[in-house]
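Engineer: Here is a sequence together with a model predicted from it:
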Amino acid sequence: MPNHRLPPRETQVTDRTKKINFRFESQTVSAFAGDTIASALYAAGVRVFSRSFKYHRPRGLLCVDGKCPNCLMNVNGCPNVRVCSEPATEGAEVRPQNAWPSLQHDFLSVTQRFDWLLPIGFYYKTMIHPRFWHLAEPLLRRAAGLGVIDTRTKSSDRSEHVHEHCDVAIVGGGPAGLAAALALSDKKLRVFVIDDQPELGGHLRFSISVIPDANEFSGMRGQDIARQLNQRVQALPNVTVLKKATVFGCYEGRLLGVMQGSRLIHLRAKRLVLAPGRHEIPALFENNDLPGVFLPRGVRRLVNLYGILPGSRILLVAHNEEGIELTRELMAQGGDVVGVVDNRPDAHPGSKAEDWKVPLFHGYHVTKAFGKKQVEGALLEKVTVAQPRDVTVAQGQAESQVRIDCDVICHSRGWQGQVGLLYQSGCEIHYDETKEMFLPQRIPQDVFVAGEVSGLGDLRTVMLSGQLAGLRAAKTLVDGEAADPDSRLEEYESELKTLGKVGHSASAKAKLSPARPSELKRQFVCLCEDITAKDLNYAIEEGFNEIETLKRYSTVTMGPCQGKMCSFNSIETCARGTGNGIAETGITTPRPPLLSVPLGLLAGPSTTPLRERLCTIGIWR
C-alpha cells in the first residue's frame with residue numbers, strides 16, 4: 001500500500017524512528033509508534049472503513065475521536081473496536097466487518113436500491129404472521145448486528161474491578177478540567193482527573209494556532225499550552241490522573257463507572273466537576289455519509305497529531321473561528337484548499353478574499369456530495385440574502401449554484417455539549433436559543449459544570465470557568481479552611497461577568513435551519529441505523545410526533561454512537577415536522593452506559609474477594 005505523510009513536525013505524536021506492522025485484509029500495513037490503527041490505514045490509502053448497518057453503504061473516517069460508528073472493525077478477534085482511538089500494535093490482526101466479500105465490494109450494498117421496501121418501522125408491520133415469522137427470523141437474525149463474536153476463542157483479557165474514593169472527581173482533561181485541578185492544588189483534598197484521551201489537554205492537543213487572549217498563556221500555541229497544563233497537573237501530589245479512561249455512567253450516591261482498558265473503576269466522589277466538553281454536529285445534505293466527509297476537528301487530529309493530509313482537494317465550510325484556523329493550518333502545511341465557505345455570522349462578505357488565494361464563498365451551504373464510494377465533488381447553493389452593492393465577491397459567488405471538484409468536504413453545523421453525565425447527575429437540560437446548544441440548568445449543589453459543555457468558547461473563559469468550579473467544589477467541602485477562597489471566587493466571577501459569557505437563558509422557541517429538497521433521499525440523520533430525514537418525517541406523519549416515541553419507533557440515537565452524532569439533527573427534524581421549537585421538542589434521555597462496555601468487564605474476574613462479618617446469628621457476606 002502507498003504511504004501518504006506530511007514531513008515530520010514537533011507537533012505530531014508519532015515516532016517515525018519506530019515502525020510497527022500489522023495485518024489488514026491479508027496485507028501488511030506499516031505504522032509508526034503513536035499511530036492509531038485508523039491513522040495508519042488512512043496514511044496507507046484506505047478510505048472505506050466500514051459498511052453501514054442497513055444499506056451497507058461505504059463509510060469513512062468522520063470524527064477521528066471514537067464518537068461516531070464509521071470506523072468499527074474487528075481487532076484481534078474482538079468485534080466493534082473503534083480503530084480511530086485504538087493504538088496500532090505489532091502483529092495485530094485487523095479485519096473489516098459487516099461486509100461481504102470485502103469492504104470495497106460488498107454484495108449487500110444492493111439493498112439500498114430497494115429502500116422503498118424497507119420503510120421506517122417495517123419490522124413492526126410485516127412478518128407478523130406466526131408461520132411467516134419463523135421463516136424470516138433466521139435471516140433477520142443473521143443480518144442484524146455488526147460484528148461477529150467467535151465463540152470458539154477465549155478472550156485473553158482479564159478484567160479487574162477497583163474501588164476508589166475521592167473528595168472531588170473531575171470528568172474531562174481539557175483546559176477547563178485541568179484549570180479546576182490546578183485550583184485545588186493547595187487544598188488538602190483527594191482529586192481524580194479522568195479523561196478518555198491518551199494525553200491531557202482536550203482540543204488543545206491538536207491545535208497549532210497561536211491563541212492571542214489566554215491570560216498567562218497568551219501568544220502560545222494550543223499544543224504548547226496543553227503540554228504545560230499537563231505537566232503542572234501531573235506534578236500535583238493530591239491529584240490522581242486517569243488517562244484513556246471513560247466515565248460511562250453516574251449512579252446513585254455519586255458513584256462513577258469508569259472503564260480504563262481491562263479495569264472497571266468504581267469511583268465514589270463527594271463532589272463532581274463535570275467538564276466533558278462538546279463535539280461537532282454533522283451537517284445534513286445529500287450523500288452526507290460518503291467517505292471523505294469530515295468534521296473539522298477530525299481533520300485537525302489527522303493533520304496535527306498524525307501528520308496526514310485528508311485529501312488532495314479540500315473544501316472547507318467555516319461556521320466559526322476554528323474553521324478559519326483549520327484553513328490556515330492546512331494551507332501552511334501544503335494542503336490544497338479548493339474553496340472556503342465562510343458562514344461566520346460576523347464575517348464580511350468581501351473580507352480578505354485575495355489573502356486566501358482560494359475561492360471564498362459567503363452565504364452558501366452544501367446541498368449535495370457527489371461520488372459513489374468516495375467524495376468526488378460538492379454542490380453549493382446560495383442562500384438568498386440581499387448584499388450591499390459595494391461588496392466585492394469571489395469569482396463564481398454570484399451564481400446560485402456552484403459545483404466544486406474535491407475529495408474532502410470538511411463541514412459541521414454547530415456544537416453539541418456532551419450532556420449525558422450532566423443529565424445523570426441530576427442537572428436539568430434545556431435548549432439555549434442564543435448559543436444554539438442544549439445547556440445545563442438547575443445544577444445540584446454537589447455538581448459543578450465548567451468549560452465548553454456550559455456554552456463557553458474561547459480559552460480564557462473556559463479556563464476561568466474551570467477555576468471557579470474547582471474553588472466552589474472546595475468551598476463546599478472545606479469552607480473556612482481554604483486559603484482565602486472567597487476573594488478568588490469573587491474575582492473570577494466578576495471577570496466572567498465582565499467578559500459577558502454567562503447568563504443566557506433558554507428560549508421557548510428555537511431557530512430551525514432551512515428545510516432542503518435533499519431531505520427526500522440520502523440525507524442521513526443517523527449514521528448508525530441508516531435513518532434519513534425522510535424516514536423521520538414519515539414516522540411523524542404516522543403519529544410518532546414526540547421525540548421519545550420517535551426515538552423508539554425509528555431507533556434513531558440507539559446505535560453505537562448513542563446519539564452523539566445524530567441526537568441534535570433528529571431533534572431538529574422532529575421540531576420541523578411537528579411545527580414546534582427545539583426547546584419545546586426537548587432532548588432524549590441519555591441513560592448509562594454512554595458507550596459500549598464489554599460484558600466481561602462488567603462481570604469482573606472469576607474470583608472476587610468479599611468482606612465477611614460474624615455475629616451471634618450467622619455469617620453475612
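Structural biologist: Great, that's in hand. Numbers count the residues shown, from 1 in each chain.
Engineer: Flag every buried residue along stretch 268-281.
Structural biologist: In terms of neighbour count (16 or more other CB atoms under 10 Å), stretch 268-281 has its buried residues at 269-281. Where C-beta positions appear, they are placed from N, C-alpha and C, glycine not excepted.
Engineer: in stretch 597-613, what's buried?
Structural biologist: Per 16+ other CB under 10 Å, stretch 597-613 contains these buried residues: 597, 601.
Engineer: For that stretch, output the C-alpha coordinates as CSV.
Structural biologist: Written as CSV, here are the backbone C-alpha positions of stretch 597-613 (Å, rounded to 0.1, in the frame of the first residue of the first chain):
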residue,chain,number,x,y,z
VAL,A,597,-19.0,-1.6,27.7
PRO,A,598,-17.8,-5.2,27.4
LEU,A,599,-19.9,-7.7,29.3
GLY,A,600,-16.7,-9.4,30.6
LEU,A,601,-15.6,-6.1,32.1
LEU,A,602,-18.9,-5.7,34.0
ALA,A,603,-18.8,-9.3,35.1
GLY,A,604,-15.3,-8.9,36.5
PRO,A,605,-12.8,-11.6,37.5
SER,A,606,-13.9,-15.1,38.2
THR,A,607,-12.9,-14.7,41.9
THR,A,608,-13.6,-11.5,43.8
PRO,A,609,-12.6,-11.0,47.4
LEU,A,610,-15.5,-10.3,49.8
ARG,A,611,-15.6,-8.9,53.3
GLU,A,612,-17.1,-11.2,55.8
ARG,A,613,-18.7,-10.4,59.1
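Engineer: Let's verify residue 137: helix, strand, or coil?
Structural biologist: helix (DSSP: H, G, I helix; E, B strand; the rest coil).
Engineer: And the helices in the stretch 251-400 of the chain?
Structural biologist: Under the criterion DSSP state H, counting those that start in this stretch, the stretch 251-400 of the chain contains helices at 296-300, 306, 321-332, 353-356.
Engineer: next one: the stretch 101-250 of the chain
Structural biologist: Along the stretch 101-250 of the chain, counting by DSSP H, counting those that start in this stretch, helices occupy 122-125, 130-143, 175-183, 222-234.
Engineer: Check what pLDDT residue 324 gets.
Structural biologist: Looking at residue 324, its pLDDT stands at 87.
Engineer: still on that earlier bit, closest one of the buried residues of stretch 268-281 to residue 231?
Structural biologist: Checking the buried residues of stretch 268-281 against residue 231 by CB to CB gives residue 275 as the nearest, at 19.0 Å.
Engineer: so what's that closest one up against?
Structural biologist: 170-172, 174, 176-177, 180, 449-453, 466, 469 (CB atoms under 8 Å, 6 or more residues apart in numbering).
Engineer: And it, how close does it get to residue 178?
Structural biologist: 9 Å (CB to CB, to the nearest Å).
Engineer: what does the helix or strand hosting residue 41 contact?
Structural biologist: Assigned by DSSP states H and E, residue 41 belongs to helix 37-43. With contact meaning CB under 8 Å, 6+ apart, helix 37-43 is reached by 3-5, 14, 20, 22, 24, 29-32, 35, 49, 61, 64, 71, 73, 75, 83-84, 86-88, 92, 94, 302, 305-306, 308, 310.
Engineer: If burial is judged by neighbour count, which of the residues you listed pass?
Structural biologist: 5, 14, 20, 22, 24, 29, 31-32, 35, 49, 61, 64, 71, 73, 75, 83-84, 86-88, 92, 94, 302, 305-306, 308, 310.
Engineer: related to what we said a few turns ago, any shared contact partners between residue 275 and residue 178?
Structural biologist: Shared contacts of residue 275 and residue 178, defined by CB under 8 Å, 6+ apart, are found at residue 466.
Engineer: buried sites along the helix ranked longest in the chain?
Structural biologist: For the chain, the helix that runs over the most residues, judged by DSSP state H, is helix 459-478. Neighbour-count burial for helix 459-478 flags 459-475, 477 (criterion: 16+ other CB under 10 Å).
Engineer: try stretch 436-456
Structural biologist: Going by neighbour count (16+ other CB under 10 Å), the buried part of stretch 436-456 is 436-440, 443, 446-456.
Engineer: rewinding a little: now do the longest helix of the chain against helix 175-183, angle only.
Structural biologist: Helix 459-478 and helix 175-183 are oriented at 40 degrees to each other (axes from the mean of the first three to the mean of the last three CA atoms, to 10 degrees).
Engineer: Just say which of the helices of the stretch 101-250 of the chain is most tucked in.
Structural biologist: Per residue and on average, the most neighbours among the helices of the stretch 101-250 of the chain fall to helix 175-183, with a mean of 29 (mean count of other CB atoms under 10 Å).
Engineer: neighbouring contacts of it?
Structural biologist: 170-171, 191, 193, 195, 200-202, 204, 225-226, 229-230, 232-233, 236, 239, 273, 275, 277, 448, 450-452, 456, 459, 462-471, 473-474.
Engineer: swap the cut-off to 7 Å and go again
Structural biologist: Here helix 175-183 makes contact (CB atoms under 7 Å, 6 or more residues apart in numbering) with 170, 191, 193, 200, 202, 204, 229, 232-233, 236, 239, 273, 275, 450-451, 459, 462-463, 465-467, 469-471.
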